[in-house]
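>>> need a structure here:
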Amino acid sequence: MPEQPDRKNHSPAENRWPWQFAPAPHQRIIRVPAFDDNYLWLLTDEAGRQAVVVDPGDEAAIEAALAAHGLTLVGILVTHHHADHIGGVTALAGRWHCPVYGPASEPERIAQVTEPLRDGQIVDLPAIGVSFEVLTVPGHTLGHIAYFAGHLGDDPRGVLFCGDTLFAAGCGRMFEGQPAQMQASLARLAALPGDTLVYCAHEYTIGNLHFALAAEPGSAVLAGRFQEATEMRRQGLPTVPFVDCHRRPATRSCGPPSRQSSPNWGIVGRFPRRPPRPLGCYAPERPLSTRLIRVFATWTISGLLRSIDPIPLRFNNLGLGFDVSYQHARDRFARHAS
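Numbers count the residues shown, from 1 in each chain. Predicted coordinates for the structure are as follows:
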């Protein structure tokens, strides 16, 4: 059952906050774990009676969280069309009769959207006392959007819901977009205030930091961040939200690496020797023959998955730019392969 919030006994200003890199989470944002590594988010009003959900891929998890906290759902925000982000939208919207906000450019893929959004629009949510600016951030998908608010309630820090575009120390895989699009999207998010709380949709921090350390093995900052994140996960704590601030491994230039550059030089780039890829990084180009072999292997495995009961499986880094990481692995694997 979800808890509110994961580190609820701390406020941003408290000196006893134990972590150097991880910020204290917002007191009005509830983390709802789902599948294997997804995070769904509930934003509540000041009284703790109404809520808006971001990317509800799992209806049951959201319903359980609403019941546990005595909340009424008054709105749904969607960042992009992938199933682990919209899987629960139809059922939740049908039960709660609430509006569904989502990218205007994907009507055929997110048919449930009642409030289509374009870049620069403002989403006013008076029920929970917040207004979001819509940011188009193509790359992971072409229609991907993010939601940014300068503050929520009394907490002066900004809040960003970026879906699968930006992760802690990493970025989303490019299913549909091009590297230049992803770079522009990351640069746009990097321009937001440095203390913005970034709420992404997956717990990918450890894998991303493995990659960053392979790129810059001498970085004391990255080593410290990796050590802290590892300890947090050992204690069962999430590494999300995170703050970009001056620690921006995911939002640096996509140009060639420089060993004399900042110890936080980015993970989005090309290296003389390719380090291991993190969960959230896009698949690099490979020879056509290699890609065709992988496509054939993907279809073969997909056929096997159709013949067995759904079980928790992970098929990462097959080179097609997707991963399968929750109980419905069989169906999701087949969908991405097609």
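
>>> tell me which helix or strand of this protein sits lowest on mean pLDDT?
helix 329-337 (a mean of 44; mean pLDDT, DSSP states H and E).

>>> which stretches of the stretch 201-338 of the chain have low pLDDT?
245-292, 294-338 (pLDDT under 70).

>>> What lies in contact with the strand or helix carrying Gln227?
Here Gln227 sits within helix 220-234, counting by DSSP states H and E. By C-beta atoms under 8 Å, 6 or more residues apart in numbering, the surrounding residues in contact with helix 220-234 are 19-22, 168-169, 203, 205-206, 209-210, 212-213, 216, 238-239, 247, 249, 263-264. Using the backbone N, CA and C atoms, a C-beta is placed for each residue, glycine as well.

>>> CA atoms only for that helix - export them in CSV, please.
Only the C-alpha atoms of helix 220-234 are listed here, as CSV (Å, rounded to 0.1, in the frame of the first residue of the first chain):
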residue,chain,number,x,y,z
ALA,A,220,33.9,12.0,-7.1
VAL,A,221,30.4,13.6,-7.5
LEU,A,222,29.0,10.8,-9.5
ALA,A,223,30.6,8.3,-7.1
GLY,A,224,29.0,10.0,-4.2
ARG,A,225,25.7,10.1,-5.9
PHE,A,226,25.9,6.5,-6.8
GLN,A,227,26.8,5.5,-3.2
GLU,A,228,23.9,7.5,-1.9
ALA,A,229,21.4,6.2,-4.4
THR,A,230,22.5,2.6,-3.6
GLU,A,231,22.0,3.1,0.1
MET,A,232,18.6,4.7,-0.5
ARG,A,233,17.4,1.7,-2.5
ARG,A,234,18.9,-0.7,0.1
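
>>> The helix or strand that it is followed by pairs with which strands, parallel or anti?
Downstream of helix 220-234, the next assigned helix or strand under DSSP H and E is strand 242-243. According to DSSP bridges, strand 242-243 forms sheet pairs with strand 197-200 (antiparallel).

>>> who's in contact with the strand it pairs with?
23, 25-26, 29, 39, 41, 54, 157-168, 189, 240-244.

>>> 7 Å instead, please
23, 26, 29, 41, 157-162, 166-168, 240-244 (C-beta atoms under 7 Å, 6 or more residues apart in numbering).

>>> so where do the helices sit in the stretch 1-150 of the chain?
59-69, 83-86, 89-96 (DSSP state H, counting those that start in this stretch).

>>> quick one: which of these is nearest Leu152?
Taking C-beta to C-beta, helix 59-69 is the member of the helices of the stretch 1-150 of the chain nearest to Leu152, at 16.5 Å.

>>> Buried residues in that closest one, which are they?
Glu59, Ala61, Ile62, Glu63, Ala65, Leu66, His69 (16 or more other C-beta atoms under 10 Å).

>>> I'd like to know which elements that helix is packed against.
The helices and strands touching helix 59-69, judged by 3 or more C-beta pairs under 7 Å, 6 or more residues apart in numbering; DSSP states H and E, are strand 29-34, strand 38-44, helix 89-96.

>>> got the CA positions of that helix in PDB?
Coordinates of each C-alpha in helix 59-69 appear next as PDB, following Å, rounded to 0.1, in the frame of the first residue of the first chain:
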ATOM      1  CA  GLU A  59      -5.800   1.400 -12.300                       C
ATOM      2  CA  ALA A  60      -5.700  -0.900  -9.300                       C
ATOM      3  CA  ALA A  61      -2.700   0.800  -7.800                       C
ATOM      4  CA  ILE A  62      -4.300   4.200  -8.100                       C
ATOM      5  CA  GLU A  63      -7.700   3.100  -6.700                       C
ATOM      6  CA  ALA A  64      -5.900   1.500  -3.800                       C
ATOM      7  CA  ALA A  65      -4.000   4.800  -3.100                       C
ATOM      8  CA  LEU A  66      -7.100   6.900  -3.400                       C
ATOM      9  CA  ALA A  67      -8.900   4.600  -0.900                       C
ATOM     10  CA  ALA A  68      -6.000   4.500   1.500                       C
ATOM     11  CA  HIS A  69      -5.800   8.300   1.700                       C
END
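
>>> which residues are in contact with that helix?
Under the contact criterion C-beta under 7 Å, 6+ apart, helix 59-69 has outside partners 1-2, 4, 30, 32, 34, 40, 42, 48, 51, 53, 56, 73, 88, 91-92.

>>> and His82, how far is that from Ile128?
Distance, His82 to Ile128, using C-beta to C-beta, to the nearest Å: 25 Å.

>>> more crowded one of these two?
The residue with more neighbours, out of His82 and Ile128, is His82; 25 against 20, by other C-beta atoms under 10 Å.

>>> coming back round to it: indicate which one of the helices and strands packed on helix 59-69 is closest to Phe132.
Here strand 38-44 is closest among these (C-beta to C-beta), at 9.7 Å.

>>> List the contacts of the closest one.
28-34, 50-58, 61-62, 65, 71, 84, 128, 130, 152, 161, 199, 201-203, 238, 240.

>>> how about 8 Å then?
Contacts to strand 38-44, defined as C-beta under 8 Å, 6+ apart, come from residues 28-34, 50-58, 61-62, 65-66, 69, 71, 84, 125, 128, 130, 152, 161, 199-203, 238, 240, 326.

>>> Among these, the buried ones, what's the ChimeraX command?
Buried residues within those, by 16+ other C-beta under 10 Å, are selected in ChimeraX with:
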select :28,29,30,31,32,33,34,50,51,52,53,54,55,56,57,58,61,62,65,66,69,71,84,125,128,130,152,161,199,200,201,202,203,238,240,326
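
>>> Many thanks, have a good one.
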